[in-house]
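Peer 1: Using only what follows, build the 3D model:
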Amino acid sequence: MSESSAEAVAAVASAAAGAGGNWRKATGIAGAAIGVIAAGAAAGVAIERMTVGRGMRERARLALDSTGPYGSLRGTPGTARADDGTELYYEVDDIEPEVAVTPKRRRLFGRKAPAPVTVVFSHGYCLNQDSWHFQRAALRGVVRTVHWDQRSHGRSARGVAQLEDDMPLTIDQLGRDLKAVIDAAVPEGPIVLVGHSMGGMTVMALADQYPDLIRDRVVATAFVGTSSGRLGEVNFGLPVAGVNAVRRVLPGVLKALGQQAALVERGRRATADLFAGIIKRYSFASRDVDPAVARFAERMIEGTPIDVVAEFYPAFTDHDKTAALPHFKDMPVLVLAGIGDLVTPSEHSEAIADLLPDAELVLVPDAGHLVMLEHPEVVTDRLADLLTRAGAVPAGATVSGYGSTSSTAQRG
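Peer 2: Numbering: from 1, shown residues only. Next up is the predicted model:
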């Protein structure tokens, strides 16, 4: 991005912050700022002039929504209650008892074999449990899985502490939420934890607060496109001047937008084309992403209310769970990231792997922040290998390569 583009982005944020009570005038500006944050970034990007008519683009979006299979998988529903009373929605994809117990476990334990391994998936900021669509489809019938929506996301309820008590959202709170989901959905048996972006931070917060759970029950962990800290230093692909300008005004912009949620949501819909372009920029790195997948990501992100976007954002600056990483040293660990990730750069994954020297580090070329959607077969393949190493699935089990791409992962 050019310096002039970065300055334009900063000007957008500044204008939104200074719009004061003239919210109708600021609605279009707000749409751009929301798109940026909803994609997980703290800065924007200039969008090339669109050559297709707006009506045709709207019809294309509707067609993709009606035909795309992504996000259609459903499991047995359940709810857990967080420590502040928030209802957290989860779904379980179970398998038959005779499939759940591997031959080795049957030989060791006979009819009284312990509970099978359960894989718990935690999604990222402004997404929901459906972001794991490809991996969920591939693992169905192979291993028991739990998919949950973080508070205020997807089908989970708005955070009670935030909505009623005006308490700031913290990553530690998300760690306690994950504990509540595990207590409800996986009361016994070994666990594999898989977290993307904010979900990976949630897993770290769980370990920080419940180290005994990690030691006694967690048999493997996967960190996908996440960070253990220092997110305030990420430049989101912008020159220094643009980053600094956006950082100065962004907290105020978000707070103001969150207080005018209804009006801003209308502006967000009015700027759908700009919104889609920004999401694609900050979600994917390859040029040939399936339009249905790109629209699927857009639909998840645009489904996150602006006031939720605003209340979660400050928690990332405060996030630092580097000290929790040693809790994962004595188990198989996968650390995976897209080399083109502008939101949580792959250097953050490398930093995690440096502290877990026995972990498998996989860097995926031509991949951005939503690597599990952009190159699903790479993520699924490495997860399947992790599950095999952890004893979660038999070595001879078949895991479908759901999705296709030409990229090849680079292992660290």
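
Peer 1: Quick check: which element contains Asp183?
Peer 2: Following DSSP states H and E, one finds Asp183 within helix 171-185.

Peer 1: so where do the strands sit in this protein?
Peer 2: Taking DSSP state E as the criterion, the chain contains strands spanning 76-81, 87-93, 118-122, 144-148, 191-196, 218-224, 333-338, 360-364, 410-411.

Peer 1: Let me have those strands in TSV, extended by distance to Leu163.
Peer 2: C-beta here means a position set from N, CA and C on the backbone, and glycine is covered the same way. Shown next, in TSV, are the strands of the chain (distance: least, C-beta to C-beta, whole Å):
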stretch	distance to Leu163
strand 76-81	15
strand 87-93	12
strand 118-122	21
strand 144-148	19
strand 191-196	24
strand 218-224	29
strand 333-338	33
strand 360-364	37
strand 410-411	43
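
Peer 1: and of those, who's closest to Trp132?
Peer 2: strand 118-122 (4.8 Å; C-beta to C-beta).

Peer 1: Next, the angle from that closest one to strand 144-148.
Peer 2: Relative orientation of strand 118-122 versus strand 144-148 (axes from the mean of the first three to the mean of the last three C-alpha atoms, to 10 degrees): 20 degrees.

Peer 1: Now stretch 286-294: buried residues?
Peer 2: Ser286, Val289, Asp290, Val293, Ala294 (16 or more other C-beta atoms under 10 Å).

Peer 1: Same list (those residues) but as a markdown table, adding distance to Ala137 and pLDDT.
Peer 2: Below are the buried residues of stretch 286-294 laid out as a markdown table (distance: C-beta to C-beta, whole Å; pLDDT from 0 to 100):
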| residue | distance to Ala137 | pLDDT |
| --- | --- | --- |
| Ser286 | 21 | 93 |
| Val289 | 18 | 90 |
| Asp290 | 15 | 89 |
| Val293 | 13 | 92 |
| Ala294 | 18 | 91 |
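
Peer 1: Now stretch 313-333: average pLDDT?
Peer 2: In this model, stretch 313-333 carries a mean pLDDT of 95.

Peer 1: What residues sit buried inside it?
Peer 2: Those would be 313-316, 319-322, 324-325, 327-328, 331-333, for stretch 313-333 by 16+ other C-beta under 10 Å.

Peer 1: and of these, the nearest to Arg215?
Peer 2: His327 (7.2 Å).

Peer 1: okay, now the nearest residue to Trp132 once chain neighbours are set aside: neighbour count?
Peer 2: Distances taken as C-beta to C-beta, 6 or more residues apart in numbering place Phe121 nearest to Trp132, at 4.8 Å, with adjacent residues excluded. Residues near Phe121, counting by other C-beta atoms under 10 Å, number 26.

Peer 1: Report how many residues lie close to Tyr282.
Peer 2: For Tyr282, using other C-beta under 10 Å, the count is 28.

Peer 1: doesn't Thr344 make contact with it?
Peer 2: No: counting by C-beta atoms under 8 Å, Tyr282 stays clear of Thr344, with 10.8 Å between them.

Peer 1: ok, back up a step: surely the residue nearest to Trp132 and Asp149 touch.
Peer 2: No: if you go by C-beta under 8 Å, Phe121 and Asp149 don't touch, sitting 10.7 Å apart.
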